[in-house]
Each structure stands twice: as structure tokens, then as C-alpha cells.
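In: Mind looking at a prediction? Sequence and model below.
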Amino acid sequence: MPSIISISGVSKTYATGVPALKRVDLEIRRGEIFALLGPNGAGKTTLISIVCGIVNRSTGTVTVDGHDISRDYRAARSLIGLVPQELTVESFETVRSVMNYSRGLFGKKADPVFIDKLLKDLSLWEKRDAKVITLSGGMKRRVLIGKALAHEPKILFLDEPTAGVDVELRKDMWALVRRLRDSGVTIILTTHYIEEAEEMADRVGVIDKGEIILVEEKAELMRKLGRKLLKLELRSPLSAIPPELARYQLDLADGGGTLIYTYDNQAERPGVATLLRDLEAAGIAFRDLDTQASSLEEIFVSLVRKAS
Ligand SMILES: Nc1ncnc2c1ncn2[C@@H]1O[C@H](COP(=O)(O)OP(=O)(O)O)[C@@H](O)[C@H]1O
Ligand SMILES: [Mg+2]
């Protein structure tokens, strides 16, 4: 399936000399929820601002559904809805007029039926004639989503949609984003919450210090998530794994001085206790042991550490 967004060799250095993005290549698939996961200052907002034409890139090209964002800006931009990180919304207007106005900005004909449906989908129907200033933070955020969707874009960017949002509202937001995806909208969300990427994304891209350091199917990340490592510091190094231990997934490291057992918590594999018994039977003694869960958190932390 062809990508809906192609980002190629995109860099950004701000006037201050800060290199915010370093030659980023990224393809967004049509219809997916893509989570761009990274710590504060990683370059998430810069990247999506470039795709939306709010920030000028220093190098590279971006196409949105085949439209180059420089040569064909209006066509590209009209396909995109953006919910910015900061809650900026016209406060003294009513919810409905904010949405109507935003639709008009994109040159779309007024469509009260569509806007009514959007209000209902966003659970803002009751508040349609309320001034935005009277709404709670969670509702204001939904107004921003409505504003972003008012011109019927194919792509929705959500920049940190649940930063500072409490757990209940976060779950509502996730459900809403899924419904949008099911209606055919491609969704790119940025987050610094690992849990959010795990919960929401079809694919996850990890960004740090302006570089995309990993792009993977969420399911693949979850598979890694279920894995654990047991490291044994051996009393005397081994040159090879003894054949009687062949049924375990074992690797040697540190010149044979460390034995690493990779096992899966969910799978019906022999457990650690069995391995330790078999090691003893094979006459292999160890000085120390350590277990590690390779969670997305840990994959993330180790990637970020490696990149720095
Ligand atoms: N307008 C700007 N002028 C100068 N530097 C900026 C500007 N916006 C962001 N930066 C810098 O670029 C880097 C990436 O920022 P940003 O894209 O906002 O990251 P994120 O959204 O992942 O937190 C940071 O070092 C930030 O300080
Ligand atoms: Mg940001």
C-alpha cells in the first residue's frame, strides 16, 4: 500500500542554531495510527509542524498523498487536520461556530449536517451552543479536534493529545482516536508516554535528539515486550553451549564469561528454575545472576541512551 505521507531527508536547524531534526526519513501508511514517541525536545512538534507547513524545513522533501508540501501547499494542507500541543482556541465563540469557521478557512462549503454529526461524534452535542471559555479542559481539547476535522481531512495530527490529561479522559481520547481511524482517517500522534504508544499505535516510531531511531509494528514491539533476559556471570568461561542445554535459548557473551537466557513469560518454555537445575547437573557454576524485562520502556531507554 502506498504511503499517505513521505518524509525524505528532512532536517531542521532553527535560527538559534539548534539542530532539531537530522535527515529524517519516514513513511506513514494510509489508514494507520502512527505514534511518534520521544522525550521532550526530541523534535516531534518540529516534524509535524514541517509536514503541516507551519515550520520551514532546512532540507528534504515531504509529500502528502502525492502533493509536494512546497509546490502544492494548498492541496497538501487541505488533506490535513492538526490538533496542536497547546490549547489555543477562540474562547468567546460557541463550539459550533468555531467548527464552522475552521471549515470555511479551508474553502469548504458550509455543511450543517456534517458539523452536527461531528459534534455528536465528539460528545459535544450538548455543548454545541456554549461558549468555549465555559468548557472544561477535556472538552476544549475535543473542540480542537472538531476544529481540526471540520474540513474533512484525510489525515489527523495530534500533538501530545493527552499530555496533562487525567486517566479517565485519556481513555476517552483513545477510544475517540480509534473511532476516527475506523472511519478511515490516518492518524499521527506524538507522545512522550510509552503507555500511550503501546495502547494506541499500529506502528511506533521512536525519535530522540532529532533522529528517528526505530520504526516498528506495535505488535512486534509487544512481542519483544514479553521477553525476559537472565544473565549469568559464570565462574569459568564456556567456549560453547553444552549440547545437553540445547533446548534453552542460550547465548554466550563477554568471551564466554556470561551466559544469557532469553525466555518468554507467556510461552510454555522451561522456566528459570529448570534451567538452573540443568546448569548444576552440567557442572556449570555461576558467580552472579541478573534478570531484565525487555519492555518497550527498556527498549526505549536503551535506544535513547545509545543514541546519546
Ligand atoms: N521556535 C524554535 N526556535 C528555536 N528552537 C526551537 C524552536 N522550537 C523548538 N526548538 C528546539 O528544537 C528542539 C526540538 O523541539 P520540539 O520539536 O518542540 O520537540 P518535542 O516536540 O519533541 O518536545 C528542542 O531543542 C527545542 O528547544
Ligand atoms: Mg512537542
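Out: Thanks, I have the structure now. Ligands and ions are numbered 1, 2, ... in the order given.
In: For ligand 2, what's the nearest residue on this structure?
Out: T45 (3.2 Å; CB to the ion). To be clear about C-beta, it is placed using only N, CA and C from the backbone, and glycine gets the same treatment.
In: How about the contacts made by that residue?
Out: By CB atoms under 8 Å, 6 or more residues apart in numbering, the contact set of T45 is Q85, D159, T190.
In: and those residues, which of them are in strands?
Out: Those of the contacts of T45 mapping onto strands are D159, T190, per DSSP state E.
In: Adding distance to L36 and neighbour count as columns, could you present the contacts of T45 in TSV?
Out: Converted to TSV, those look like this (distance: CB to CB, whole Å; neighbours: other CB atoms under 10 Å):
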residue	distance to L36	neighbour count
Q85	12	16
D159	9	21
T190	5	26
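In: and the contacts of T45 as a markdown table, adding pLDDT and distance to A197?
Out: Output for the contacts of T45, formatted as a markdown table (pLDDT from 0 to 100; distance: CB to CB, whole Å):
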| residue | pLDDT | distance to A197 |
| --- | --- | --- |
| Q85 | 87 | 16 |
| D159 | 95 | 14 |
| T190 | 95 | 10 |
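In: possible to save the contacts of T45 as CSV with distance to L230?
Out: CSV is the format used below for the contacts of T45 (distance: CB to CB, whole Å):
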residue, distance to L230
Q85, 41
D159, 40
T190, 35
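In: want to throw the contacts of T45 into JSON lines with distance to ligand 2?
Out: Shown next, in JSON lines, are the contacts of T45 (distance: CB to the ion, whole Å):
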{"residue": "Q85", "distance to ligand 2": "5"}
{"residue": "D159", "distance to ligand 2": "6"}
{"residue": "T190", "distance to ligand 2": "6"}
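In: ok, back up a step: quick one: which helix or strand includes the residue of the chain closest to ligand 2?
Out: Using DSSP states H and E, T45 sits within helix 44-51.
In: avg pLDDT for that helix?
Out: Across helix 44-51, pLDDT averages out at 97.
In: Please report the number of neighbouring residues for P84.
Out: By the criterion of other CB atoms under 10 Å, P84 has 19 neighbours.
In: Where does pLDDT dip in the stretch 201-308 of the chain?
Out: Along the stretch 201-308 of the chain, the model assigns pLDDT under 70 to residues 222-226, 265-270, 293-308.
In: Now do the helices in it.
Out: For the stretch 201-308 of the chain, the helices defined by DSSP state H, counting those that start in this stretch cover 218-225, 272-281, 296-307.
In: to the chain's geometric centre, what's the distance from the longest helix along the chain?
Out: Counting residues, the longest helix found in the chain (DSSP state H) is helix 167-182. Helix 167-182 sits 14 Å away from the centroid of its parent chain (CA atoms, centre = their mean, to the nearest Å).
In: Tell me the buried residues in it?
Out: Neighbour-count burial for helix 167-182 flags L169, R170, M173, W174, L176, V177, L180, R181 (criterion: 16 or more other CB atoms under 10 Å).
In: separation between the fifth one and L232?
Out: Read it as L176. Distance, L176 to L232, using CB to CB, to the nearest Å: 47 Å.
In: What of G138?
Out: Relative to L232, and taking CB to CB, G138 is found at 50 Å.
In: Those two: which has the busier surroundings?
Out: Each of G138 and L232 has its neighbours counted (other CB under 10 Å); L232 has more, 21 against 17.
In: my guess is that one meets A285, correct?
Out: No. Using CB atoms under 8 Å, L232 is not in contact with A285, being 9.5 Å away.
In: Common neighbours of those two, please.
Out: L279.
In: Please tell me the pLDDT value assigned to K120.
Out: Reading off the model, K120 has pLDDT 92.
In: For the nearest residue to E211 once chain neighbours are set aside, grab phi and psi.
Out: In space, and not counting its chain neighbours, E211 is closest to K22: 5.2 Å by CB to CB, 6 or more residues apart in numbering. The phi and psi torsions at K22 (degrees, to the nearest 10) take the values phi -120, psi 100.
In: Much appreciated, bye for now.
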